[in-house]
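>>> The following comprises the amino acid sequence and a computationally predicted model.
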Amino acid sequence: MQLNSLLTRLYKTFQKNPLYFVYLPLVIYWIFLFIMTTIPQDKLPHFFDYQDKVEHFFAYLILAFFLMLSLHFQKKNMHISKKSFLFTIIFLLIYATIDELHQIYVPGRYCDFIDWLADMSGGIFGVVLSYYFVKVSNIDIRN
């Protein structure tokens, strides 16, 4: 019950001021993510095996969360807003593919199907989390 009221308050905050709490964090994070994918792999610290897969998973989880909220709160196209779940997955599919292809041209990096799967897995998990956040918050608001 406390979690629902916390999520509802957070949702209302995002809804009242999406520029500062949704759109701006998305843009800043997406720029950060792009910069990180242009850094050669050998310049980054390595702590454990499969670290890059974990990084891909969480990078796209965060991206998906903010992207879905961004599409949900936008008011220009209500079809996109209502289907933000679907449109986020489509955008992630396209961006993850472009991102992996772009890494072919970065020294020390390569295009990897398993990385793409980690991107999409994290992205889908992020979409599910944001979908749950929106649905739980909206149910609580209506009651």
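Structure received.
>>> Residue 28: neighbour count?
A count of neighbours around residue 28, defined by other C-beta atoms under 10 Å, yields 11. From N, CA and C alone the C-beta is placed, and that goes for glycine too.
>>> Check the contact between residue 124 and residue 89; I expect there is one.
Yes. Using C-beta atoms under 8 Å, residue 124 is in contact with residue 89, at 6.8 Å.
>>> Now do the same for residue 35: helix, strand or coil?
helix (DSSP: H, G, I helix; E, B strand; the rest coil).
>>> give the contact list for residue 39.
residue 106 (C-beta atoms under 8 Å, 6 or more residues apart in numbering).
>>> Quick check: phi and psi at it.
Dihedral pair for residue 39: phi -80, psi 130, per degrees, to the nearest 10.
>>> same for the lengthiest helix in the chain, what does it pack against?
Once the chain is assigned using DSSP state H, the helix that runs over the most residues is helix 113-142. Helix 113-142 is packed against helix 2-16, helix 51-73, helix 84-102, with contacts defined by 3 or more C-beta pairs under 8 Å, 6 or more residues apart in numbering; DSSP states H and E.
>>> most neighbours per residue, which of the ones you listed?
helix 51-73 (a mean of 21; mean count of other C-beta atoms under 10 Å).
>>> can you give me how far that one is from the chain middle?
Chain-centre distance of helix 51-73: 2 Å, with C-alpha atoms, centre = their mean, to the nearest Å.
>>> Then stretch 27-40?
The answer for stretch 27-40 is 13 Å, by C-alpha atoms, centre = their mean.
>>> again, but for stretch 11-27
14 Å.
>>> Endpoints of that stretch, how far apart?
End-to-end span of stretch 11-27 (C-alpha to C-alpha, to the nearest Å): 19 Å.
>>> List the residue ranges of the chain that fall below the pLDDT cut-off.
Applying pLDDT under 70 to the chain flags residues 1, 3, 139-143.
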